[in-house]
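*Asks:* here is a sequence with its predicted model. Questions after.
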Amino acid sequence: MTTSEIQFDTPATPATEGPVLQVEDLHVSFPSEAGRVHAVRGLSYHVSPGEVLGIVGESGSGKSVSSLAVMGLLPSSARISGSIKFQGRELIGQNDAELSKIRGRRISMVFQDPLSALTPVYTVGDQIAEAILVHKKGAVSKAAANKRAVELLDLVGIPNAVERAKAFPHEFSGGMRQRAVIAMAIANDPDLIIADEPTTALDVTVQAQVLQLLETAQEVTGAGIVIITHDLGVVAGFADRLMVMYAGRAVEKGNVDEIYQQPRMPYTLGLLGSIPRLDVSEKQALVPIKGNPPSLTDLPPGCPFAPRCPMVVDACHTAEPPLVDVDGSAEHQAACIRTNEIAATDAEGAEAAVEIFGAEVADEPEVAKIPRDQRDIVLELDQLVKEYPVNKGVVFKRRVGTVHAVAGISFDIREGETLGLVGESGCGKTTTLMEILNLQKPMGGEISVLGTKSSDVDGKRRFAIRRDMSVVFQDPMASLDPRLTIHDCIAEPMQVHGYAKDEINRRVPELMRLVGLRPDQLSRYPGEFSGGQRQRIGIARALALEPKLVVLDEPVSALDVSIQAGVINLLEELKSKLGLAYLFVAHDLSVVRHIADRVAVMYLGKIIEIGEVDSVFDAPRHPYTQALLSAIPIPDPVKERQRERIILTGDLPSPANPPSGCRFRTRCFLHAQLPPEKQRQCIEVEPLREVQAEDHEAACHFAQIRQVL
Amino acid sequence: MAGFLLRRLVNYVVLALVATFLAFTLASATFDPIGVLQQRNPPPPAASIEAKKRDLHLDQPIPQRFVTWMSGVVQGDFGRTVADRPITDELGRRIGVSLRLFLLGITFGIVFGVLLGVVSAIRQYKFSDYFATLFSFILLSMPVLVLGPLLKLGAQGLNDAIGSNVLIFVGEATPGFQGNWFESLVDRLQHLILPTLAIALGQIAFYSRYQRSSMLDVLGSDFLRTAQAKGLTRRKALFKHGLRTALIPMATLFAFGFGLLVVGGTFTEKIFTWYGMGDWLVVGIGSQDANITATVTLFVAVCVLFSGWLADVLYAALDPRIRVN
C-alpha cells in the first residue's frame, strides 16, 4: 500500500489566510506550597499553515505547559489568561466538550514517552480507530474505522499492519509505539500537530525514523507543526522558525538559520555552545551554563537569565528586557539589552558562545603523552560471554531458549584513556557493564582488572579490586539514598573499606571541592540538589577510593544540555588531574566523540567496530556505524539539510534469536545491494574483526569507508 | 491460558483437601461429644453411649475417620451430626442462605465501593473526598458487632416512624409465611435489606480506599492525556481508559475480599439470626461435632480458593499483558 491510497483532503493552499495558531500574551500559573508558580509569563507566537516551529528550552522553561494550554489539557488548578486563537477562534474559556471537538481532529499531539502514551488494555488498532470514531460518530462505521486504522499503521511504517493492529501496546517497541501515536495524531487530517519532545525517549536510529515520519506526516496532512525539544540538533534540519524559551518567556525568535548563525541572546548562545558536536574533530570547548533555571514562584526584577549570564551588567537587574527586533528585522527578535554587542563579535554561533562564556578545553593527562601500547592495561575483556536462559512453565521450569546478551566481546582500556561503548538499547552495553562490575567468573571468556583475572580471585581479593574500580550511574535522582546526607553518601565507600574517621572527614570536603560543589552543603540531603549537582555528588562518591578506572553508565543522558556540558567538562578535568581511565557507556555519539579517545560500537552482543575515535567517526567502515552516525542530527541547519540520512529499517532483532552469519545483515543497507553470491557470505560466515587502519578494526566482509558527517 | 487456569484448579483441589483434613483432625482431637453426652442429667445408659461411640467411629484412629468421612463426601454424603441427623440434608439450605447474603453484599460492596473510590479520586481534596474518607474510616474501624445493632436500632426507628414493619431483622424469612411468589419475594427482601447493608457498608468502605489510590495513580498517566488529545472528553477518557486500567489491581482484592467475607460472615449471620454456614460453624463447635466443623471448613476453603481462581481469571480478562503467557 502506498501513501496515495490513503485519502487526506489536504488543501493545496490553506483554506484560511493568516496563522493556524496565534498565541498572544499567554500566562499560565499553578498553585504550589511555595506560592504560585508562574510557568508561562506573557508568551506570544504564531504558527502559519504548513510551517514547522521549533520551541527550545531547558526543562522547566514552560515549553510543555504552553502547549498543553493550547490543547486545553492543563489540570483544573491552572490559571490561564491571554489569548490562544486557533484558525481565528479563541480557545481560552471554551469548555471541555467544545475543546474535545477540536482536539484530535483539528489539533493533535504527539507526546514524549511512547511507552506510557498508549492505554495498556486496548489494542493499538482499537485506539487508533477510536480517534476516528470519536469525531465521526455515525458517519463512519466501526469496521471502516478499523480498516482506516490499519491503513494508518501501514502509512507510519508498521510492517504487517493488519496483524499488528490487533496487538497490545506492550507488544510494540518504543519506536513502534511512537509511530502508532503519530498515526493517531494524523488520523483526522489535523491542521496543527504539536509534538512534545517526540524523540527524546528513543534511540538515535529510531529518532531518525520518527523525525522522518513527522516530516511525512506534515507532507500528507499539510499541517502546521510545533516541535518542542531541548535538543537543538533535532530541530536544526526540520524546523523553519525557532523560539527559544527561558523562565516562561520567549527570549529569542527567528528563522532557524539566523538563530544558529547569529544568536543574539546569551542564553541561546550558551545552549548552542553546550552541545558536543559530532562533526568537529579537534577538541572542542563546551560551554556550561552555570547555575540553575530560576524558581518561577517569585522572580526578582530584571532579566531572569542575569544570574547565569556571562555578560551581565547592572542594567540587567533593573527591568526584564522585552523582545526587540534584531538588526531592524521583525523576523528575528531577542530579549537582551546587549544584543548589539553580541552582534559586534566576529565569531558565529557556537564559537561566539565559547568566546563570550570563556570555555576552555581541558589539558591532556600527563600519561596520555606516553604511546598507548606502553601504558598499563587497566581493564581487559577477552571474548566475554553472557547468556540468559529463557524459561517456560510455572511449576516445572524448562529451558526453551537462550538470550545471547553478550556474545564474545574483547577490548582493553589503558591508563588515562576513555573508551566509549555505544549502541542501541538492547545491544548488550549494560550487560557488559554489569559483568565487569560483578567481577565474578564470566560464563565465557575473561575479565581482567589491572592484570588480575576475575575468574581466579577470592572474595577478599575481589573486595580489594573494587577499590580500583568505581561506577557512576545514569539516573542521579535514583542513585543516591534520599535518607543519607551528602557527607554520608560520599563517605560510605571509605567506611566500607575501613578508612579512619579523621581521614574520611578530611577527604569528603576535598572531594566536594574537586567536583565543583561547596563543602558547606555537606549536611544537606540529595533532595535539595538539582540533577546536575547530584550527578557531581555521584562522581565524588565514585572518586572517594581513588580508583584507576571509573565506569560511567550514561552519566549525562538524564541531564539538560546546558548542565550536561558542565558535567562533561568536569569529567575531562578529573581525568586530566587524576589520570583516570573511563569506560563511558552512552547512546549519544556526540558526547562520546567529545569525551572518548577510543570508541567501540556494539550490535546485538558483538563489537562490530572499534578504534581511535576520530578514525571511526571520520571514516567509519561498518554499515551499522555509518547508519548510527548519520542518524545523529547536527546543530547546524545548513549542513543538516544537505545531509543524507541512512535510515535503518525496523528494530533490533531479538538477542534470543540472532540472525546467522553477520548479525546486522537483516537491517543492513549494504547487504541489500549486494549480488546474491556475496549476500550468501553475509548469511553463512560470521565476519571477524579485521584491522582497517591504525587502531581501527571493523567486522564486516565488505567494509568500506563512507563519510556520513 | 486455559491450561494454566486448569492446572491452578487442580492445585486448589489438593489445597482444599489439606485444609479440610487439618480442620477435621483438630476438631476430632479436641472435641469430646461423649463427655457432653455423659454430663446429661440423668446420664444415658452405658449401652447407648457405646452405640454412639460406634456411630461416630470414635473407636477408629483419626486419619481413618477422615478417610471414612471423605469417601462419603466424594459421593455427596457429608456424614451425620452428633444428634444423628444427616448433614447433607441441611447443607444445601444453609449454603443457599449464606450465599444469598454474601453475594448480594459483595456485589453492592464492589459496585458502590468502586464508584465511591473513583469519585473521591477525581474530586481529590474536595469536600466529597473528605466526606468519603471520613465515612470509610468510621466504617472500617467499626466491627460488625457494633454496626449490626446500630443498623437494627435505625431500622426500628424507621419502622416506628412509618408505623409498619418494613425492615425485618430477625431471620431470613417469616416462619410459616403463606402467600404467592411475589408476596414471598417481598417478605424475603424485607429480611434481606439490613444484613446485606451490614456487609455491603464495610465492603464499600474497604474497596473505595483502594480504588481511590489506584485511580489516583492512573489520573496522572500519559495514556489518559493521549485519550483526551484524541478528542475524548475528560469524563469519557476517565471511564473508558482510566477506570478500566485502574480496575486491574483491584481484581485480587475483589476475589480475596469475598474469601475473607465468607470467613468473617459468621458474626453477621449470628446478629441477624440467619441460619447460614457461619451460624452452623458456631453450632458445630457448640455441640462438639467434628463432621459439621469439617463440612463448614471445606465450604470456606472452596470459597476462598475459588475466589483465588476467580482472581486469576479476572486478571487475565482485565489485563492483556497477563494474557500472553
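*Replies:* Alright, I've got the coordinates.
*Asks:* what's around A:G254, how many residues?
*Replies:* Neighbours of A:G254 under the rule other CB atoms under 10 Å in any protein chain shown: 24. Just so you know, the C-beta spots here come from the backbone N, C-alpha and C atoms, and that holds for glycine as well.
*Asks:* ok, now which ones touch it?
*Replies:* The contact partners of A:G254, taken as CB atoms under 8 Å, 6 or more residues apart in numbering or on different chains, are A:R241, A:L242, A:V326, A:E331, A:H332, A:Q333, A:A334.
*Asks:* list the contacts of the strand or helix carrying A:A672.
*Replies:* When elements are defined using DSSP states H and E, A:A672 is found to belong to helix A:669-673. Here helix A:669-673 makes contact (CB under 8 Å, 6+ apart) with A:P623, A:A627, A:I646, A:L648, A:C662, A:F664, A:R665, A:Q679, A:C682, A:C700, A:F702.
*Asks:* again, only this time at 10 Å
*Replies:* Residues outside helix A:669-673 that contact it (CB atoms under 10 Å, 6 or more residues apart in numbering or on different chains): A:622-624, A:626-627, A:646-649, A:661-662, A:664-666, A:678-679, A:681-683, A:700-704, A:706.
*Asks:* also stretch B:63-74?
*Replies:* Stretch B:63-74 is contacted from outside by B:17, B:20-21, B:24-25, B:28, B:56-60, B:77-80, B:87-88, B:290-291, B:294-295, B:298, using CB under 10 Å, 6+ apart.
*Asks:* same question for it, mean pLDDT?
*Replies:* Stretch B:63-74 carries an average pLDDT of 90.
*Asks:* measure how buried A:D113 is and give me the count.
*Replies:* When neighbours are counted by other CB under 10 Å, A:D113 registers 17.
*Asks:* may I ask which helix or strand of chain B has the lowest mean pLDDT?
*Replies:* Counting by mean pLDDT, DSSP states H and E, chain B has its least confident helix or strand at helix B:320-323, which shows a mean of 75.
*Asks:* buried residues in that one?
*Replies:* B:P320 (16 or more other CB atoms under 10 Å in any protein chain shown).
*Asks:* may I have that helix exported as PDB, CA atoms only?
*Replies:* C-alpha atoms of helix B:320-323 as PDB (Å, rounded to 0.1, in the frame of the first residue of the first chain):
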ATOM      1  CA  PRO B 320      -3.800  -8.300  28.200                       C
ATOM      2  CA  ARG B 321      -0.200  -8.200  29.400                       C
ATOM      3  CA  ILE B 322      -1.000 -11.200  31.600                       C
ATOM      4  CA  ARG B 323      -3.000 -13.000  28.900                       C
END
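*Asks:* what about the spatially closest residue to A:G302 that is not a sequence neighbour, neighbour count?
*Replies:* Using CB to CB, 6 or more residues apart in numbering or on different chains and skipping the chain neighbours, the partner closest in space to A:G302 is A:H317 (3.8 Å). The local packing count at A:H317 equals 14, with neighbours defined by other CB under 10 Å.
*Asks:* now do stretch A:484-504: distance to the chain's middle.
*Replies:* 34 Å (CA atoms, centre = their mean, to the nearest Å).
*Asks:* show me where pLDDT drops low in chain A?
*Replies:* Under the criterion pLDDT under 70, the flagged ranges of chain A are A:1-17, A:346, A:393-397.
*Asks:* tell me which helix or strand the residue most central in space within it sits in.
*Replies:* The centroid of chain A falls nearest to A:T200 when counting by CA atoms, centre = their mean (5.0 Å). Under the criterion DSSP H and E, no helix or strand holds A:T200.
*Asks:* how close does A:V496 sit to chain B?
*Replies:* Distance check for A:V496 against chain B: by CB to the nearest CB, to the nearest Å, it reads 37 Å.
*Asks:* residue of chain B nearest chain A, please.
*Replies:* When CB to the nearest CB is the measure, chain B has its nearest residue to chain A at B:G231, with 3.2 Å between them.
*Asks:* run through chain B and note the low-pLDDT ranges.
*Replies:* Flagging of chain B using pLDDT under 70 yields the residue ranges B:1, B:323-325.
*Asks:* one more time with 50, if that's ok
*Replies:* When the per-residue scores of chain B are filtered using pLDDT under 50, the ranges that remain are B:325.
*Asks:* enumerate the residues of it near chain A.
*Replies:* By the criterion of CB under 10 Å from any CB of the partner chain, the positions of chain B lying close to chain A are B:4, B:7-8, B:11, B:218-237, B:240-242, B:244-245, B:247-248, B:318-321, B:323-325.
*Asks:* any of the residues you listed buried? List them.
*Replies:* Taking 16+ other CB under 10 Å as the criterion, what is buried in the residues of chain B next to chain A is B:218, B:221-234, B:236-237, B:240-242, B:244-245, B:247-248, B:318-320.
*Asks:* check contacts around the residue nearest to A:C700 when sequence neighbours are not counted.
*Replies:* Ranked by CB to CB, 6+ apart and with sequence neighbours excluded, the top spatial neighbour of A:C700 is A:H622, at 4.9 Å. Contacts of A:H622 were listed using CB under 10 Å, 6+ apart, and they are A:601, A:603, A:607-610, A:616, A:628, A:662, A:664, A:668, A:670, A:687, A:689, A:692, A:697-700, A:702-704, A:706.
*Asks:* who touches stretch B:17-32?
*Replies:* Looking at stretch B:17-32 with CB under 10 Å, 6+ apart, the contacting residues turn out to be B:38-39, B:56-58, B:60-63, B:65-67, B:69-70, B:73, B:82, B:284-285, B:287-302, B:304-305.
*Asks:* among those residues, which are located in helices?
*Replies:* If you go by DSSP state H, the contacts of stretch B:17-32 have B:38, B:62-63, B:65-67, B:69-70, B:73, B:284-285, B:290-302, B:304-305 in helices.
*Asks:* mind giving me the ChimeraX select for the residues you listed, buried ones only?
*Replies:* Below is the selection syntax for ChimeraX that covers the buried ones among the ones in helices among the contacts of stretch B:17-32, with 16+ other CB under 10 Å defining burial:
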select /B:62,65,66,69,70,73,284,285,290,291,292,293,294,295,296,297,298,299,300,301,302,304,305
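*Asks:* check the gap between A:E640 and A:E252 for me.
*Replies:* Counting by CB to CB, to the nearest Å, the gap between A:E640 and A:E252 amounts to 19 Å.
*Asks:* give me the buried positions along the biggest helix by length in chain B.
*Replies:* With DSSP H setting the assignment, residue counts place helix B:181-219 as the longest helix in chain B. Neighbour-count burial for helix B:181-219, with 16+ other CB under 10 Å as criterion, is recorded at B:187, B:190-212, B:214-215, B:218.
*Asks:* compute the first-to-last residue distance for stretch A:350-367.
*Replies:* Taking CA to CA, to the nearest Å, the span from the opening residue of stretch A:350-367 to its closing residue is 31 Å.
*Asks:* tell me which residues of that stretch come out buried.
*Replies:* With burial defined by 16+ other CB under 10 Å, the residues of stretch A:350-367 counted as buried are A:A350, A:E351, A:A352, A:A353, A:V354, A:E355, A:I356, A:F357, A:A359, A:A362, A:P365, A:V367.
*Asks:* part of a helix, is the second one?
*Replies:* Okay, so that is A:E351. Yes - secondary structure assignment (DSSP: H, G, I helix; E, B strand; the rest coil) places A:E351 inside a helix.
*Asks:* does it touch A:G273 like I think?
*Replies:* Yes - with contact taken as CB atoms under 10 Å, A:E351 and A:G273 are classed as touching, separated by 8.2 Å.
*Asks:* find the residues that touch each one of the two.
*Replies:* Jointly contacting A:E351 and A:G273 under the rule CB under 10 Å, 6+ apart are A:Q284, A:A285.
*Asks:* burial check on residue 89, number of neighbours?
*Replies:* If you meant another chain, say so; for now it's chain A. When counting by other CB under 10 Å, one arrives at 11 neighbours for A:R89.
*Asks:* think we crossed wires, I meant chain B
*Replies:* B:D89 has 10 neighbouring residues, counting by other CB under 10 Å.
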